[in-house]
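Peer 1: got a predicted structure plus its sequence, pasted below:
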Amino acid sequence: MDKVWESNFSNKALNVRPSPIREMLSVVRQPGMISFAGGMPAPDVFPVKEFHEGTEVFLRDGPSLLQYGTTEGFTPLKEFLSEWTAPRMGRRVSTDEMLLTSGSQQVLDLMGWAMIDPGDYIITEDPSYLAALTAFHNHGSRFIGIPTDAEGMVVEMLPEKIEKARSEGKKIKFIYTIVNFQNPAGCTLSLERRKKLVEISNKYGIPIFEDDPYGYVRFDGDHLPSLFSLDPEGGVIYAGSFSKILAPGTRIGWCSGSSDIIRKLTVFKQATDLCSSPISQALIYEYCKKGYLDGHLPKIIADYRTKRDAMEDSFEKYLPLDEVSWVKPEGGFFYWIDMPNIDAEVLFKKAIEKKVAFVIGAPFFANGGGEHNARINYTYSTPDDIEEGVKRLGEAMREML
Amino acid sequence: MQNLLNGLFSTAAKNIEPSPLLELLDLGKKPGMISFAVGMPDPDIFPIEQLQKAASVISREGRDILQYGAAGGYPPLKDFLAEWTAPRMGRKPLTDELLITAGSAQVIDLLCWALLDRGDWVICEEPTFQGATGTMFNHGARFLTVPCDSDGMKVELLPELIEKTRAAGGRVKFIYTIVNFHNPLGCDLSLQRRIRLLEIARTYGIMILEDDPYGWVRFEGEDIPSLSAMDDDGLVVFSSTFSKILAPGTRVAWCAGRSEIIGKMTVLKENTDTCTSVVAQALVWEYCRLGYLDAFLPNIIDHYRKKRDGMETALRKYMPLDRVSWQKPKGGFFYWLNVPGIPVEQLLEMALEKKVAFVPGNAFYPTGTGGLNNIRMCFTFASTEMTDLGVRYLGEAIREFEREPTQEKSGDI
């Protein structure tokens, strides 16, 4: 009976691998390690007191909060979000155009359910969010990667890529893009490219999945219009999350799109987890309703801006500047380092010896690449640790050159 | 774009339809409706004050519980569950043998991810919980269904079913069974059949998903040993939930099994929703840690026992006993009525006019055939007064149907 489970595993289970980032956690937790590896918020910015205040809602609405909730999501929170996201969405979306989810990770899984048959193709940025690639891959998708530069996905390449893929009989289901402060590349899709991307989407009849977990965490510059707001055709599904603007432990995200795709996602959500925790949803609603979301968000942004600046300064000070380059992110969680003469895996081993951790570039590429890239998170560590960590990283780099 | 989007949907999306049952459940939640349809706990018995007290954990442990959590679950809650479930599991599960999930619906989703390729076969009771088979269907499952009697699944039918399927080249991946106070049947799988089921699973190398959401809600009689406790081969994944022993709004459930399968399910969980709401898990843990789970559970059981008794009394009082039969459940949430000769769809229409809702038996047949003369009645949700009134209406409605000259044999329940 020893192999009884293994011999019955599905192909998906046989192929699935734990995220390399999660795998690294044991390394990262070594004493003295400075970690730029995860993508976690700093616990110092969690509004613990304000969030706890909301728990009085149990006494007021206990009977309904402790009951099964609707799959679509807690209506008061949906109404709040519809209002709060209106500036970004270009209008107030109606309740049947929005679904509350168990984190925005669930939107990825649900989109897989609704759109992907094994062998279908998804267009992604190269590099892209690892857990998105994995979620789609589990549903059997294959990927067409489009390079990114400082202005995000090089959308000018899309028509040729799409036409070529179609001529080879490939079925493209949607374009997945992280528009603001991309994970891992840190770049933001420019306004011009946003318009072009929507045009291409409409022309070729390929919907867009606009993933925007970081969009509200902008340090400098102006917000750019969302793809959703630029598209009159209803071909964009937009996903957001409370993980970065409140706290990830709530596990509440949302998506907005045309009512027919939202309906499909809702039916699949019903089959996978019935509904997101009404308790989590109600606590978030209380927090938002009292004005804490708007009141506290500037503090989160200020904290991360300070850290981003600390990292930028440390890079300038400690990294071998003629060997590495990067785009200064205007928001979000990550730097993405290009280091053409440095093998990221070797650097990683050296860095771990020096007690600093980051994520190598390769896992973020669906079809290979990233051997000379590093993703560096700046939100989790303190500014002092950021300086010390970058110093160690710079030393490791110099030893390799 | 909208029409075009429809053209791009996956096969699963084209096949999936919201279950008609859902509409019925929504109807059941409408004010003024006496609902025996929903399988929901009674909000009157939610331990609201205790949960409010447990909420202090948010200010105490806020930095941890507002952060991303481990995909496998909040460690203190896992430790508590290992200890608390030990009597039922036969031993304390290790931490890598436990996975905390976002409700027990997710256990089914994750087990399907881990075991099913499209076209694989799942063995299940017929009738069975339609939410479970719906999820399995999305994953491409085909069903081998086994009839039940008052001792649960007729497991002696399994070897032939399995051999026939294998002979035709089919892969049978797991057996899905609701062991205690079955949904919708209300029956238990007898000890003898549990032992036999494990033997069969071992002989054929087939896994078992032991779904046990109701097991701790027993009104009378002794607990029957779980399949998990008697499983020496690591073939069983046990699944249960806080939905019935605390409150469903927590959306916290768990499963336990060999580390190989739990490990796979954990990675797949990470890909689907990263981790279960740490806030919800911490609230549940604090509630348990403060002793409320053990202290309050008897109140819940008492409350539902009274409601079960209320329905039993009403059924005896109002039903034409020569035309309606049932088995009194010893726990759980449901009665399953046999109403031979009564067209239940028509009965439902009449009942709804009188603002009484129930679920027609056919909804619980994954192959779509059967249950045409059965109805499921949840006794936990409606108040005792409303139960009395609702059953009276239902009895009256049944009497309106003319007696057929020769009654159908009721056969399998």
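Peer 2: It's in.
Peer 1: please, where are all the strands along the stretch 1-150 of chain B?
Peer 2: Here the stretch 1-150 of chain B has its strands, by DSSP state E, counting those that start in this stretch, at B:34-35, B:98-101, B:121-126, B:142-149.
Peer 1: quick one: strands adjacent to the helix or strand that the last one is followed by?
Peer 2: Sequence-wise, the next helix or strand downstream of strand B:142-149 (DSSP states H and E) is strand B:152-153. Taking DSSP bridges as the criterion, strand B:152-153 pairs within the sheet with strand B:142-149 (antiparallel).
Peer 1: pLDDT averaged over the partner strand - what is it?
Peer 2: On average, the pLDDT along strand B:142-149 is 97.
Peer 1: got it, and stretch B:249-263?
Peer 2: The model assigns stretch B:249-263 a mean pLDDT of 97.
Peer 1: same question, stretch B:333-352
Peer 2: Stretch B:333-352 shows a mean pLDDT of 95.
Peer 1: buried residues in it?
Peer 2: B:333-342, B:344, B:347-348, B:350-352 (16 or more other CB atoms under 10 Å in any protein chain shown). C-beta here means a position set from N, CA and C on the backbone, and glycine is covered the same way.
Peer 1: now do stretch B:385-399
Peer 2: So stretch B:385-399, judged by 16+ other CB under 10 Å, has buried residues B:M386, B:T387, B:D388, B:L389, B:G390, B:V391, B:R392, B:Y393, B:L394, B:G395, B:A397, B:I398.
Peer 1: using CSV, list the CA coordinates for it.
Peer 2: Presented in CSV, the C-alpha positions along stretch B:385-399 are these (Å, rounded to 0.1, in the frame of the first residue of the first chain):
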residue,chain,number,x,y,z
GLU,B,385,-43.7,26.0,15.7
MET,B,386,-43.0,26.6,12.1
THR,B,387,-42.0,22.9,11.7
ASP,B,388,-45.4,21.9,13.1
LEU,B,389,-47.2,24.3,10.8
GLY,B,390,-45.1,23.4,7.7
VAL,B,391,-45.5,19.6,8.2
ARG,B,392,-49.2,20.1,8.7
TYR,B,393,-49.5,21.9,5.3
LEU,B,394,-47.3,19.2,3.7
GLY,B,395,-49.5,16.4,5.1
GLU,B,396,-52.6,18.2,3.8
ALA,B,397,-51.0,18.5,0.4
ILE,B,398,-50.1,14.9,0.3
ARG,B,399,-53.6,13.9,1.2
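Peer 1: any idea how far that stretch is from the middle of the chain?
Peer 2: On the basis of CA atoms, centre = their mean, to the nearest Å, stretch B:385-399 sits 26 Å off its chain's mean C-alpha point.
Peer 1: what about residue 252, how many residues nearby?
Peer 2: You didn't pick a chain, so chain A it is. Neighbourhood size, A:I252 [other CB atoms under 10 Å in any protein chain shown]: 30.
Peer 1: looking at chain B here, not the other one
Peer 2: Neighbours of B:V252 (other CB under 10 Å): 30.
Peer 1: same question, B:G7
Peer 2: B:G7: 8 neighbours (other CB under 10 Å).
Peer 1: now chain B, which segments are flagged as low pLDDT?
Peer 2: Applying pLDDT under 70 to chain B flags the ranges B:1-5, B:17-22, B:28-29, B:404-413.
Peer 1: quick one, longest helix in it?
Peer 2: Across chain B, the helix with the greatest residue count (assigned by DSSP state H) is helix B:292-318.
Peer 1: could you pull out the strands in the stretch 301-413 of chain B for me?
Peer 2: Under DSSP E, counting those that start in this stretch, the stretch 301-413 of chain B gives strands at B:334-338, B:356-357, B:359-360, B:374-378.
Peer 1: redo those as a markdown table? Include distance to chain A.
Peer 2: What follows is the strands of the stretch 301-413 of chain B, written out as a markdown table (distance: least, CB to the nearest CB, whole Å):
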| stretch | distance to chain A |
| --- | --- |
| strand B:334-338 | 16 |
| strand B:356-357 | 16 |
| strand B:359-360 | 15 |
| strand B:374-378 | 12 |
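Peer 1: make a markdown table out of those strands and add distance to A:Y204.
Peer 2: Listed next are those as a markdown table, based on distance: least, CB to CB, whole Å:
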| stretch | distance to A:Y204 |
| --- | --- |
| strand B:334-338 | 51 |
| strand B:356-357 | 47 |
| strand B:359-360 | 45 |
| strand B:374-378 | 49 |
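Peer 1: now for the ones you listed, which one comes closest to B:Y68?
Peer 2: Relative to B:Y68, the nearest member of those by CB to CB is strand B:374-378, separated by 36.9 Å.
Peer 1: now that closest one and strand B:334-338, what's the angle there?
Peer 2: Angle, strand B:374-378 to strand B:334-338, by axes from the mean of the first three to the mean of the last three CA atoms, to 10 degrees: 160 degrees.
Peer 1: partner strands of strand B:374-378, with direction?
Peer 2: Next to strand B:374-378 in the sheet, as set by DSSP bridges, lie strand B:334-338 (antiparallel), strand B:359-360 (antiparallel).
Peer 1: counting neighbours, what do you get for B:G140?
Peer 2: The burial count for B:G140: 16, using other CB under 10 Å.
Peer 1: chain A versus that one, what's the distance?
Peer 2: Distance of B:G140 to chain A, given as CB to the nearest CB, to the nearest Å: 10 Å.
Peer 1: and that residue, what does it touch?
Peer 2: Shown in contact with B:G140 (CB atoms under 8 Å, 6 or more residues apart in numbering or on different chains): B:L116, B:D117, B:R118, B:G119, B:D120.
Peer 1: which of the residues you listed sits closest to B:L27?
Peer 2: Scanning these for proximity to B:L27, where the rule is CB to CB, the winner is B:L116, at 32.5 Å.
Peer 1: residues touching the residue nearest to the closest one when sequence neighbours are not counted, list them.
Peer 2: Computed as CB to CB, 6 or more residues apart in numbering or on different chains, the closest residue to B:L116 that is not its neighbour in sequence is B:H139, at 4.6 Å. For B:H139, the contact set (CB under 8 Å, 6+ apart) comprises B:D109, B:C112, B:W113, B:L116, B:R118.
Peer 1: in the stretch 251-400 of chain A, which spans are helices?
Peer 2: Along the stretch 251-400 of chain A, counting by DSSP state H, counting those that start in this stretch, helices occupy A:259-272, A:278-289, A:292-318, A:344-353, A:383-400.
Peer 1: tell me the most buried of the ones you listed?
Peer 2: helix A:278-289 (a mean of 24; mean count of other CB atoms under 10 Å in any protein chain shown).
Peer 1: what residues does the stretch 151-300 of chain A have near chain B?
Peer 2: Residues of the stretch 151-300 of chain A lying near chain B by CB under 8 Å from any CB of the partner chain: A:173-174, A:202, A:205-207, A:233-235, A:243, A:246-252, A:258, A:260-261, A:264, A:267-268, A:270-280, A:283.
Peer 1: A:G205: neighbouring residues, count only.
Peer 2: 15.
Peer 1: my bad, should have said A:S64
Peer 2: By other CB under 10 Å, neighbour count at A:S64 equals 15.
Peer 1: and if you look at A:F80?
Peer 2: Neighbours of A:F80 under the rule other CB under 10 Å: 16.
Peer 1: next up, the contacts around the spatially closest residue to A:S10 that is not a sequence neighbour.
Peer 2: Leaving out its chain neighbours, the residue that sits closest to A:S10 by CB to CB, 6+ apart is B:D117, at 4.9 Å. Taking CB under 8 Å, 6+ apart, we find B:D117 in contact with A:S10, A:N11, A:K12, B:G140, B:R171.
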